[in-house]
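*Asks:* Here's my sequence, what's the structure:
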Amino acid sequence: MTHAIRFHKTGGPEVLVWEQVEVGKPGPGEARIRHTAVGLNFVDIYNRSGLYPVQLPSGLGAEGAGVVEEVGADVTDLKAGDRVAYGSSPLGAYAEARLIPADRLHKLPDSIDDKTAAAMMLKGLTTQYLIRQTYKVKAGDTILLHAAAGGVGTILSQWAKHLGATVIGTVGSEEKAKLAKSHGCDHTILYNKEDFVARVKEITGGKMVPVVYDSVGKDTFLKSLDCLAPYGLVALFGQSSGNVEPLNLGLLAQKGSLYVTRPTLQTYGAKRENLVTMGDELFDVVGSGAVKIEVHQTYPLKDAARAHADLAARKTTGSTVLLV
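*Replies:* Numbers count the residues shown, from 1 in each chain. Below is the predicted model of the structure:
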């Protein structure tokens, strides 16, 4: 019998339970995969807590890597034995095995192992749309990134640096500042000790930045607007500190004809052809060594509750993987 982490009510990490589940044969357009590694992401906490409502009872997780065991009759581009990974799927990655829409799967190149893939797919695909589509980072840009020592942060910093940008990152401790600098940040700001708006003004000589990548939300958003040059963009892609308060759109005019967007991977990767292109670009930058994926913590899948508690308490850095 297969086991999975599921939850029957929303709440803290204690609502996660390790239970037996039935995994049937794949239907049309589906594949059955056996996981070897599963990615841990802050969005999992949003789902578990009820911030992002889901139908209960529910599985959890949208990122993993493993091996195809069987495919549905109409799936022609995958076969049993293929190594695959995904970062955009229906919930259910926290499982020993699962059924998944085959069009969400990426074949893994030999150069990328399963643990690395599980650590990078959601965060790497998120980074791809943020810096290659939402705002196309180019050589000479100076950008601001919050939570620069986090999972997306360490990937985005390296990739943006590879594109020729100067990266300013906010972090919560000296230890995280060192981590961020080792992953491409040119300047780090301790947001709990320094005024990051003043520091951005100082670093840029008053020019400010064309884009702020903000996954923190409530605690940083309004100040993120103050870091923008005229016509600048805040890409709000998370809210680890809570939801942003309703915004008076007049502020965008007053602060310089600014833009705000709330992008998601679900939208950018909705079409199969777009998702494949995004994945191929991610594999290229990781395979070339331009972006290094480092797994800093691992937990057994059945200990997902402990992993959630540590992530929420900001005890983790970089990427965390649940091993099956």
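*Asks:* Packing partners of the host helix or strand of I33?
*Replies:* Under the criterion of DSSP states H and E, I33 resides in strand 30-39. If you count contacts as 3 or more CB pairs under 8 Å, 6 or more residues apart in numbering; DSSP states H and E, strand 30-39 packs onto strand 64-71, strand 97-101, helix 114-129, strand 319-323. C-beta coordinates here come from the backbone N, C-alpha and C atoms, glycine included.
*Asks:* If we use 10 Å, what do you get?
*Replies:* strand 2-7, strand 64-71, strand 83-86, strand 97-101, helix 114-129, strand 295-300, strand 319-323 (3 or more CB pairs under 10 Å, 6 or more residues apart in numbering; DSSP states H and E).
*Asks:* E175 is nearest to which of the ones you listed?
*Replies:* strand 295-300 (11.6 Å; CB to CB).
*Asks:* and the helix or strand just after the closest one, what does it pack onto?
*Replies:* Downstream of strand 295-300, the next assigned helix or strand under DSSP H and E is helix 304-312. If contacts are counted by 3+ CB pairs under 10 Å, 6+ apart, helix 304-312 sits against strand 2-7, strand 16-21, helix 42-49, strand 295-300, strand 319-323.
*Asks:* about what we covered before: how distant is the strand holding I33 from the center of its chain?
*Replies:* 18 Å (CA atoms, centre = their mean, to the nearest Å).
*Asks:* And stretch 23-38, by the same measure?
*Replies:* On CA atoms, centre = their mean, the centre of stretch 23-38 falls 22 Å from that of its chain.
*Asks:* Just the terminal-to-terminal distance for that stretch.
*Replies:* 17 Å (CA to CA, to the nearest Å).
*Asks:* Show me what counts as buried in it.
*Replies:* V23, P26, E30, A31, R32, I33, R34, H35, T36, A37, V38 (16 or more other CB atoms under 10 Å).
*Asks:* swap in stretch 174-186?
*Replies:* K176, A177, L179, A180, K181, H183, G184, C185, D186.
*Asks:* Any chance of the helices and strands packed on helix 304-312 in JSON lines with mean pLDDT and distance to I203 as columns?
*Replies:* Shown next, in JSON lines, are the helices and strands packed on helix 304-312 (pLDDT from 0 to 100; distance: least, CB to CB, whole Å):
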{"stretch": "strand 2-7", "mean pLDDT": "97", "distance to I203": "43"}
{"stretch": "strand 16-21", "mean pLDDT": "97", "distance to I203": "42"}
{"stretch": "helix 42-49", "mean pLDDT": "92", "distance to I203": "27"}
{"stretch": "strand 295-300", "mean pLDDT": "93", "distance to I203": "27"}
{"stretch": "strand 319-323", "mean pLDDT": "92", "distance to I203": "27"}
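*Asks:* Deepest in the core, which of those is it.
*Replies:* Stretch with highest mean neighbour count among these: strand 319-323 (a mean of 24; mean count of other CB atoms under 10 Å).
*Asks:* for the residue nearest in space to the middle of the chain, what are its contacts?
*Replies:* The centre of the chain sits closest to K123, judged by CA atoms, centre = their mean, with a distance of 2.9 Å. Contact analysis of K123 by CB atoms under 10 Å, 6 or more residues apart in numbering lists 39, 41-42, 63, 87, 150-156, 265, 282, 293, 318-319.
*Asks:* got the residue ranges for the helices in the stretch 151-300 of the chain?
*Replies:* 151-162, 174-181, 196-203, 221-226, 250-254, 265-268, 272-287 (DSSP state H, counting those that start in this stretch).
*Asks:* Need those in JSON lines (columns: distance to G50 and mean pLDDT).
*Replies:* Formatted as JSON lines, these follow (distance: least, CB to CB, whole Å; pLDDT from 0 to 100):
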{"stretch": "helix 151-162", "distance to G50": "22", "mean pLDDT": "95"}
{"stretch": "helix 174-181", "distance to G50": "28", "mean pLDDT": "94"}
{"stretch": "helix 196-203", "distance to G50": "30", "mean pLDDT": "97"}
{"stretch": "helix 221-226", "distance to G50": "22", "mean pLDDT": "96"}
{"stretch": "helix 250-254", "distance to G50": "30", "mean pLDDT": "96"}
{"stretch": "helix 265-268", "distance to G50": "18", "mean pLDDT": "94"}
{"stretch": "helix 272-287", "distance to G50": "28", "mean pLDDT": "94"}
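*Asks:* Please work out which of those helices is packed deepest.
*Replies:* With neighbours taken as mean count of other CB under 10 Å, those reach their highest mean count in helix 151-162, at a mean of 26.
*Asks:* helices and strands around it, which ones?
*Replies:* So helix 151-162, by 3+ CB pairs under 10 Å, 6+ apart, packs with helix 114-129, strand 142-145, strand 166-171, helix 174-181, strand 209-214, helix 272-287, strand 319-323.
*Asks:* now that helix and helix 42-49, what's the angle there?
*Replies:* 160 degrees (axes from the mean of the first three to the mean of the last three CA atoms, to 10 degrees).
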